[in-house]
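In: sharing a model prediction with you, sequence too.
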Amino acid sequence: MKLSTNTLLLSLLLFNSILIALSGRDFYKILGVNKDATTSQIKKAYRKLAMVYHPDKNPDDPGASEKFHDINAAYEVLSDTEKREIYDRHGEDGLKNHEKNQGGVFNSFFGGGFGFGFGNQGGQREIPRGGTITMDMHVSLEDLYKGSFIEFARFKAVPHPASGTRQCNCRTEMKTIQVGPGRFQMSPQQVCEECPNIRYVLEEKVLEIDIEPGMKDGYNYPFIAEGEPHTDGEPGDLIFIIMTQKHPLFERRGDDLYMNVTVTLRDALVGFDMNIEHLDGHLVNLKRDKVTWPGAIIQKTGEGMPNYDNNKMKGTLYVRM
């Protein structure tokens, strides 16, 4: 029986998909996005999941730490155009081999670079972490309506090799010592290891914050491992909290917008036809052909803020006369 060209092509695609599925983790499934997801959708999914499964929020759930590790691995690949293309063709193992051949640091990343006591650690101690930095990021209502990119420059303490050695991985262990014939006593004792010495150098780093349409006050925008360093462990995180700047004309309440408009007595009596400028510059028409009393409300459906989860949906603009 002869196979048609279309059937053969579909069979090859299915076979290739099976090979990719068997060659590592499904990063699209981990982030909960489709294979044609945009970079913005991938970033949004990553931020939401990273905050839910962060080890600091789930100290008693080892499964959350492992999930967090997978989320970071998925984002590292899918947010990079070159890595994503290789992953789509050859899967995670193919990407590992490519990075290894290129002399990259892929293995160090997937080998547990995020040390939060993940599974398969052979009973090792939980790696300590530096402090988390939390900062308010004040954003204009225009940027929250249209979307924008904000660059934030900071000086970060970065470890560099230094001469000599230092004590590291210090811990308290119980030691048994003999205090007499047939008598033993247990006492706590600090045990340390010898590690290469390091020094911290302040380096400027520019972080890009992707302000997406519809973001709300209190939204947490995390940068994993960009917080305070820890000499014997992993750095903490840097978290920006989105705060809306006060606007001179518009007030936001959820996905709705409110504003006041002043009209002349003549327009209030005989009617008016006017345009007001919205946050992105487009004009919104306000029209009445009857008496307008003070405090009258004109509703403009679909002229409010975009919904963060679905930008195709918008709230209502309420104009108080």
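Out: Sure, I can see it.
In: so residue 188, which of the three states?
Out: Using DSSP: H, G, I helix; E, B strand; the rest coil, the three-state assignment for residue 188 comes out as strand.
In: identify the residue nearest it in space, chain neighbours excluded?
Out: Nearest non-adjacent residue to residue 188, counting by Cβ to Cβ, 6 or more residues apart in numbering: residue 172, 5.1 Å away. Heads up, the C-betas are built off the backbone N, CA and C, glycines and all.
In: can you list the strands that the helix or strand containing the one you found pairs with?
Out: Assigned by DSSP states H and E, residue 172 belongs to strand 148-180. Using DSSP bridges, the strands paired with strand 148-180 are strand 183-211 (antiparallel).
In: quick one: name whatever helix or strand follows the partner strand.
Out: Going down the chain from strand 183-211, the next helix or strand is strand 220-223, by DSSP H and E.
In: and that next one, what does it pack onto?
Out: Counting by 3 or more Cβ pairs under 8 Å, 6 or more residues apart in numbering; DSSP states H and E, the packing neighbours recorded for strand 220-223 are helix 39-52, strand 238-244.
In: which residues are contacting it?
Out: With contact meaning Cβ atoms under 8 Å, 6 or more residues apart in numbering, strand 220-223 is reached by 47, 50-51, 54, 137, 207, 209, 237-242.
In: how does it look with 7 Å?
Out: Contact partners of strand 220-223, identified using Cβ atoms under 7 Å, 6 or more residues apart in numbering, comprise 47, 50, 51, 137, 207, 209, 237, 238, 239, 240, 241, 242.
In: that strand pairs with which strands, and in what direction?
Out: In the sheet, strand 220-223 lines up against strand 238-244 (antiparallel) (DSSP bridges).
In: pLDDT weak spots in the stretch 151-300 of the chain?
Out: Filtered on pLDDT under 70, the stretch 151-300 of the chain yields no residues whatsoever.
In: and if we set it to 90?
Out: The model of the stretch 151-300 of the chain has pLDDT under 90 over residues 152, 154-159, 164-196, 198, 205, 207-208, 210, 217, 222-227, 229-236.
In: quick check: residue 127 vs residue 249, distance?
Out: Here the criterion is Cβ to Cβ, to the nearest Å. By it, residue 127 lies 50 Å from residue 249.
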